[in-house]
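Asks: next input, structure requested:
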Amino acid sequence: MAKSLLNILKRYFLAGVLVVVPIILTYMVIKFLFEFIDGLLRPLITHLLGYYWAGLGLILTILLILLAGVLTKNFMGAALHKLVDTVLARLPFISPIYSGAKQLLEAVTIPSKGSFKEVVLVEYPRKGVYAVGLVTRRVEILAEGKLRPFVTVLIASTPTPFSGMAILYPENETIAVDMTVEEALKFLVSGGVVSPPTIQEKVAVTPA
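Replies: Numbering: from 1, shown residues only. Modelled structure (predicted):
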């Protein structure tokens, strides 16, 4: 009887976790964005208007993003966006930040332009412990007269995968897994709660 009751409670608990955890994680991400944007625009709005309403910065940011989206869909707006994009991409100091942020967002939000085309497991932060990483680029490093293949892997943070660190791993030290980029992002955002039952190594297809 006690075991049966325990199993029922366990099922209810797990069902509750699946409901509550995504809400908490969504709240954490939204709270982070709200505090960041609000803190960024608060001094400017206070200076211009002489007062400040909590959340006004977030509302103005959303409206600004929507306006920018509408403008870039017409000819004049697209031309202006192209001009601004070209200028920012050539400015010293600003160019690396702007180009990197733009490519990261495009990689996540636009599948056709996505730089994240492969998910791997890498040993991080120490040997014997594995982290899910997103492959952003394959490069060769010339050292001691030899070219060695390396893989640039983004070790994303939880619950905001837009932050993290890029690490160069020798190609033979990465394990390609049968997981889509979308599944990997869900895994990272959920803190591992949303995960395939089995993370399986991807088998390389050899030509016949």
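
Asks: can you report how many residues lie near residue 175?
Replies: 15 (other CB atoms under 10 Å). (Each C-beta comes from the backbone N, C-alpha and C, glycine too.)

Asks: ugh, wrong one, I meant residue 36
Replies: Look at residue 36: counted by other CB under 10 Å, it has 13 neighbours.

Asks: distance check, residue 172 against residue 53.
Replies: According to CB to CB, to the nearest Å, residue 172 stands 56 Å off from residue 53.

Asks: actually residue 132, not the one I wrote
Replies: 40 Å.

Asks: so between these two, which is more surrounded?
Replies: For residue 132 versus residue 53, the count of surrounding residues by other CB under 10 Å is larger for residue 132: 24 against 9.

Asks: assign the more buried one to helix, strand or coil.
Replies: The three-state label given to residue 132 by DSSP: H, G, I helix; E, B strand; the rest coil is strand.

Asks: how about the helices in the protein?
Replies: In the chain, the helices defined using DSSP state H lie at 2-49, 56-71, 75-90, 94-109, 181-189.

Asks: going by mean pLDDT, which of the ones you listed comes out lowest?
Replies: Among the helices of the chain, helix 94-109 carries the lowest mean pLDDT, a mean of 63.

Asks: these two touch, right, residue 124 and residue 132?
Replies: No: Residue 124 is beyond contact range of residue 132, at 9.6 Å (criterion: CB atoms under 8 Å).

Asks: overlap of the contact sets of the two?
Replies: Residues touching both residue 124 and residue 132 (CB atoms under 8 Å, 6 or more residues apart in numbering): none.

Asks: count the residues that sit near residue 47.
Replies: 9.

Asks: now do the contacts for it.
Replies: With CB under 8 Å, 6+ apart, residue 47 has no contacts at all.

Asks: look up how far residue 41 lies from it.
Replies: According to CB to CB, residue 47 stands 10 Å off from residue 41.

Asks: between those two, which contacts overlap?
Replies: Common neighbours of residue 47 and residue 41 (CB under 8 Å, 6+ apart) do not exist.

Asks: roughly how far apart are residue 195 and residue 129?
Replies: According to CB to CB, residue 195 stands 16 Å off from residue 129.

Asks: same drill for the two, tell me which one is more crowded.
Replies: Neighbours were counted for residue 195 and for residue 129 using other CB under 10 Å; residue 195 has more, 15 against 9.

Asks: domain assignment for this protein?
Replies: Using automatic domain parsing, the domain parsing of the chain gives 2-111, 116-189.

Asks: and those, which is most packed in?
Replies: domain 116-189 (a mean of 15; mean count of other CB atoms under 10 Å).

Asks: can you give me how far stretch 85-92 is from the chain middle?
Replies: 24 Å (CA atoms, centre = their mean, to the nearest Å).
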